[in-house]
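Undergrad: next one to model:
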Amino acid sequence: MPCPYGIEDMKEKFIVHVDMDAFFASCEERDNPSFRGKPVIVGADPDGGKGRGVVSACSYAARKFGIHSAMPISIAYRKCPGGIFLPVDMRKYSRASQEIFEILESFTPDVEPISIDEAFLDITGSFHLFGTPLETCRKIKAAITAKTNLVSSVGLAPNKMTAKIASDIDKPDGLVVVTKESLLDFLHPLPVGKLWGVGEKTQGALKNFSIRTIGDLAAYDLEKLSDVFGENGRHAWHLANGIDPREVETEDVTKSISNEYTFDEDTSNIDKIKDTLMFLGEKVSRRLRKAALKGRTVTLKIRFSDFKTYTRSITLSQATNFADIIYAEVINKMMSFDMDRKRVRLLGVRVSNLLDISLPDSLFDGISPAAVKKENLYKALDRILDKFGEGAINRRNA
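TA: Presented below is the predicted three-dimensional model:
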């Protein structure tokens, strides 16, 4: 089915996705060559299989044992008790990351950091300084290795989604190029789960419509897909047809502010859970005000003792950075779970959909006097906490 938007009419861009291979573990192998080729697991202390916390990263040798990032460290230990378990050394990884991003910025000013070890680059306007787009990618990889003694995988494509998929196809030390002409031939045979936003649950739902590959999704009737999956289905259909107009965003824009807490022991004590949510809500509230931001979407994250993790969000009619409002919303979301039969391992509070604190929520609404009064109250509380510390105010007993 030809794309109705005619990607052949789109001006070709050259978007690069750079992804460092097993970054944390690779930094450790670089600094201790005896680790190379061995199962290196970076994360929490396994404590002989009794440890709490998760795997932050692992080497490719460790992945052969079925270990992956975000796996509980206790399970990783059971899978590979002879592995090399190391603590997270963020100072080391941050130094390496800074060197990598300095290299990327020497090839183009249009760099969008995604995390400490990956980024998008738009080399459309700069590749001619280094040869062809392909030669530019080769030089990026070579420069990273020469400077840091680390290996990267790179995807080059006409848009961000495809570049990210391409960088993951031939790991480690991969370089995969997708041209404008080969875009759909590259995408369509791939499993539909390769698309951004199509997780296991969505894949299961799509199978009910005999949609297993990106090509199946691209060929499916758009209106029927929209009827079932709404705007998310429409967005996925566009991606499947190679349509991803998102630009490489170079501005360092805060998209959300969050805090999490992992209990030393799983708990079902409802007062302890509520106190923790209040503490997290206040932390997020203060961070929002320090950044002169407020947000409309409040999200509760909760992980139970079986490691099943859920998020529940609500979008408010008015943006806020007030702790009492944030707390009330996450408590309401928490009560949607059967807490009597659950033990909680981790809690998190996030506020997103942010805007500047001085802006009204719409062009037609001003900032109410009541909101200004409440904001001044919170500023006074902030001054007390800044001067006397976090324990100066006990909100629960106030």
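Undergrad: looking at this, residue 345 is in a helix?
TA: No - under the criterion used here (DSSP: H, G, I helix; E, B strand; the rest coil), residue 345 is strand, not part of a helix.
Undergrad: show me where the stretch 151-300 of the chain has its helices.
TA: Along the stretch 151-300 of the chain, the segments classed as helices by DSSP state H, counting those that start in this stretch run 160-169, 183-187, 200-207, 214-219, 222-240, 270-290.
Undergrad: just checking, what packs against the longest one?
TA: Using 3 or more Cβ pairs under 8 Å, 6 or more residues apart in numbering; DSSP states H and E as the contact criterion, the secondary-structure elements in contact with helix 270-290 are strand 256-267, strand 293-304, helix 323-334, strand 344-356, helix 369-388. From N, CA and C alone the C-beta is placed, and that goes for glycine too.
Undergrad: buried residues in the third one, which are they?
TA: Taking 16 or more other Cβ atoms under 10 Å as the basis for neighbour counts, the residues of helix 323-334 that come out buried are 323, 325, 326, 327, 329, 330, 333, 334.
Undergrad: sketch out the low-pLDDT regions of this protein for me.
TA: By pLDDT under 70, the low-scoring segments of the chain are 1-11, 251-254, 358-398.
Undergrad: rerun that using 50 as the cut-off
TA: 1-10, 361-367, 388, 391-394, 396-398 (pLDDT under 50).
Undergrad: domain assignment for it?
TA: According to automatic domain parsing, the chain is divided into the following domains: 23-90, 188-240, 256-392.
Undergrad: for the second one, what is the distance to the chain centroid?
TA: What it means is domain 188-240. Mean C-alpha position of domain 188-240 versus that of the full chain (Cα atoms, centre = their mean, to the nearest Å) differs by 21 Å.
Undergrad: could you number the chain from 514 rather than 1 from now on?
TA: All right, first residue 514 from here; so that's domain 701-753.
Undergrad: what's around residue 530, how many residues?
TA: For residue 530, the number of neighbouring residues by other Cβ atoms under 10 Å comes to 26.
Undergrad: so it: helix, strand or coil?
TA: Residue 530 - assigned by three-state DSSP - is strand.
Undergrad: and residue 543, how far from residue 611?
TA: Residue 543 is 15 Å from residue 611, where distance means Cβ to Cβ, to the nearest Å.
Undergrad: compare those two (neighbour count), which wins?
TA: The residue with more neighbours, out of residue 543 and residue 611, is residue 543; 16 against 11, by other Cβ under 10 Å.
Undergrad: that one touches residue 658, doesn't it?
TA: No - with contact defined as Cβ atoms under 8 Å, residue 543 does not reach residue 658; the gap is 10.5 Å.
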